[in-house]
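Colleague: I would like the atomic coordinates for the input below:
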Amino acid sequence: MNDRVAYSYSVLRYVHDTLTGEFVNVGLIMYSPQKSFAKFVTKSTFSRITGVFPTVDIDDFKLLTNSLKKRFKYVYEKKIANCDLWDKQCSLGEILSDMIPKDDSSLLWSPISHGVSSNLEMDFEKIFSRQITKFDIKRGSKRKTDSDVWRSFKRDLEKRNLQGFFQEKTINGRDDSVDFPFAWKNGVWHCVEPVSFDLSAPDYIKDKAHKLLGQLASVNQDSSENFKVYMILAEPQSSSLSSAFKSAVSILKKVPVENEIYFEGEISALLDKLGCQIGDHSAGVH
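Modeller: Below is the predicted model:
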């Protein structure tokens, strides 16, 4: 027991959308003054990040984390040069403040946690695996994105020669807007929204549903245009996430806009319905 030393650690979070507060754990720092130990590592793969945030710019993200690694090296060497990094009065909180300014909005530290260890390197790897890489996509597998669902719908639309009736449409509200990749107008805008819930964790699935609910509610409140939404939902690959997906569907049923929900396997049924509406409209049937 005498070989066990105290340590502190914090998880680095990447915040993609400051309005919703959604984040992914992307790095870990551990500090133990007793053993002159300080280590900081960030993710080397990005499948989880793009799985949760399909629109993230990975090149920008790499620049962000590489900059932080350089900052850690600078803080590390500066403290060593001043002979106070290993002073027991120096806290991990001070090091974290030196690495990321408080006004940074895209990278945040989690609350500091503490533990004791007889092997700091081994415990660092265990925490990194549990907090950072646990939900990473296995090599060779690929999560379905919104764009994949979009392509499925577009392919079937083209097979029926209906693509000429659709266009991209943005519904604007006073404080928000929603971009729909497919829409056609017949008195009201009929807007198709492809949404993939093939994510890595229950919270991410429910958060995505809440975000879409909030956006649609916001634009519907004060938009000058009438619109109806047809949501095409892709399910998560893992059966362990079925309950979270059911919750997401229930959340989306609360959208305060006229809407219909279809699963990805029901695209043909949706196109049957839209095709009939387009045919009636073109023939002047009301």
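Colleague: run through the stretch 151-286 of the chain and note the low-pLDDT ranges.
Modeller: Where the stretch 151-286 of the chain drops to pLDDT under 70, the residues are 282-286.
Colleague: can you give me the strands for it?
Modeller: Using DSSP state E, counting those that start in this stretch, the strands of the stretch 151-286 of the chain run over residues 167-172, 177-186, 188-196, 227-234, 259-263.
Colleague: note down every partner strand of the fourth one and its orientation.
Modeller: The sheet places strand 227-234 alongside strand 188-196 (parallel), strand 259-263 (parallel), with pairing taken from DSSP bridges.
Colleague: before we move on, what about the longest one?
Modeller: Partners of strand 177-186 in the sheet, by DSSP bridges, are strand 167-172 (antiparallel), strand 188-196 (antiparallel).
Colleague: most tightly packed of the strands paired with strand 227-234?
Modeller: Stretch with highest mean neighbour count among the strands paired with strand 227-234: strand 188-196 (a mean of 22; mean count of other CB atoms under 10 Å). For glycine as for every other residue, the C-beta is placed from the backbone atoms N, C-alpha and C.
Colleague: neighbouring contacts of that strand?
Modeller: 54, 143-150, 152-153, 166, 169, 171, 178, 180-184, 208, 212, 225-234, 270, 274, 277 (CB atoms under 8 Å, 6 or more residues apart in numbering).
Colleague: show me the helices in this structure, by range?
Modeller: Shown for the chain, the helices assigned by DSSP state H span residues 47-52, 58-81, 92-99, 120-128, 146-159, 202-222, 242-252, 267-282.
Colleague: got the buried residues for the fourth one?
Modeller: If I follow you right, that is helix 120-128. For helix 120-128, the neighbour count (16 or more other CB atoms under 10 Å) marks 120, 123, 124, 127, 128 as buried.
Colleague: and the contacts of that helix?
Modeller: By CB under 8 Å, 6+ apart, the residues outside helix 120-128 that reach it are 5, 7, 9, 28, 30, 32, 35, 37, 39, 41, 115, 117.
Colleague: I figured the fifth one hits residue 6, correct?
Modeller: No - with contact taken as CB atoms under 8 Å, residue 30 and residue 6 are classed as non-touching, separated by 11.2 Å.
Colleague: who's more crowded, the two?
Modeller: A count of neighbours by other CB atoms under 10 Å puts residue 30 above the other of residue 30 and residue 6, at 23 against 14.
Colleague: mind checking pLDDT for the residue nearest to the more buried one when sequence neighbours are not counted?
Modeller: Leaving aside its sequence neighbours, residue 30 sits nearest to residue 9 (CB to CB, 6 or more residues apart in numbering; 4.3 Å). Per-residue pLDDT puts residue 9 at 95.
Colleague: what about residue 9, neighbour count?
Modeller: Other residues lying near residue 9 total 21 when counted by other CB under 10 Å.
Colleague: contact partners for it?
Modeller: 28, 29, 30, 31, 92, 112, 113, 114, 115, 124, 127.
Colleague: and residue 148, by the same measure?
Modeller: Residue 148 neighbours (CB under 8 Å, 6+ apart): 196, 234.
Colleague: quick one, the longest strand along the chain and helix 58-81 angle?
Modeller: Counting by DSSP state E, the longest strand found in the chain is strand 5-17. Relative orientation of strand 5-17 and helix 58-81, computed by axes from the mean of the first three to the mean of the last three CA atoms, to 10 degrees: 150 degrees.
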